[in-house]
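> I would like to see how this sequence folds:
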Amino acid sequence: MITIEALFSAGLYPQLKAHLELGKKHGITKEEAVEIVIQLAFYCGWPKAWSTFPLIEEVYGD
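Model prediction:
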């Protein structure tokens, strides 16, 4: 989760997607991934959040 948070805060989206996939394999749920993004959006900016939500959708699906 910390790696996902660090990549999100830096806006490193290609690496973020790869780590979201690894997080999913290690048990991070879609709801937890969304919650990480929402919590950090207040500190790192909502534009980064809106760029990350589609990545979560790609990794987790509907």
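> okay, now A49: neighbour count?
Counted with other Cβ atoms under 10 Å, residues neighbouring A49 total 18. Every C-beta, even on glycine, is put in place using the N, C-alpha and C of the backbone.
> so what's it up against?
V37, I38, L40, A41 (Cβ atoms under 8 Å, 6 or more residues apart in numbering).
> which residues of this structure fall in strands?
Here the chain has no strands by DSSP state E.
> quick one: the helices in this structure?
With DSSP state H, the ranges of helices along the chain come out as 2-10, 13-25, 30-44, 46-60.
> For these, could you give me a markdown table that also reports mean pLDDT?
Formatted as a markdown table, the helices of the chain follow (pLDDT from 0 to 100):
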| stretch | mean pLDDT |
| --- | --- |
| helix 2-10 | 97 |
| helix 13-25 | 97 |
| helix 30-44 | 97 |
| helix 46-60 | 97 |
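> returning to that earlier point: could you flag which of the contacts of A49 are buried?
Those of these that meet the buried threshold are V37, L40, A41, by 16 or more other Cβ atoms under 10 Å.
> measure K48 to E32 for me?
18 Å (Cβ to Cβ, to the nearest Å).
> Compare the two (neighbour count), which wins?
Legend: neighbour count by other Cβ under 10 Å for K48 and E32, higher for K48 (18 against 14).
> The more buried one touches G11, doesn't it?
Yes. K48 is within contact range of G11, at 5.6 Å (criterion: Cβ atoms under 8 Å).
> CA atoms only for stretch 39-55 - export them in CSV, please.
This file holds the C-alpha atoms of stretch 39-55, laid out as CSV (Å, rounded to 0.1, in the frame of the first residue of the first chain):
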residue,chain,number,x,y,z
GLN,A,39,-7.6,9.7,1.2
LEU,A,40,-4.5,10.9,-0.7
ALA,A,41,-6.5,13.2,-3.1
PHE,A,42,-7.0,15.7,-0.3
TYR,A,43,-3.2,16.0,0.1
CYS,A,44,-1.9,15.3,-3.4
GLY,A,45,-4.6,16.7,-5.5
TRP,A,46,-7.9,15.5,-7.1
PRO,A,47,-6.4,15.6,-10.7
LYS,A,48,-4.1,12.8,-9.7
ALA,A,49,-7.1,10.9,-8.2
TRP,A,50,-9.1,11.3,-11.4
SER,A,51,-6.1,10.0,-13.4
THR,A,52,-5.9,7.0,-11.1
PHE,A,53,-9.5,5.9,-10.9
PRO,A,54,-9.4,4.6,-14.5
LEU,A,55,-6.3,2.5,-13.7
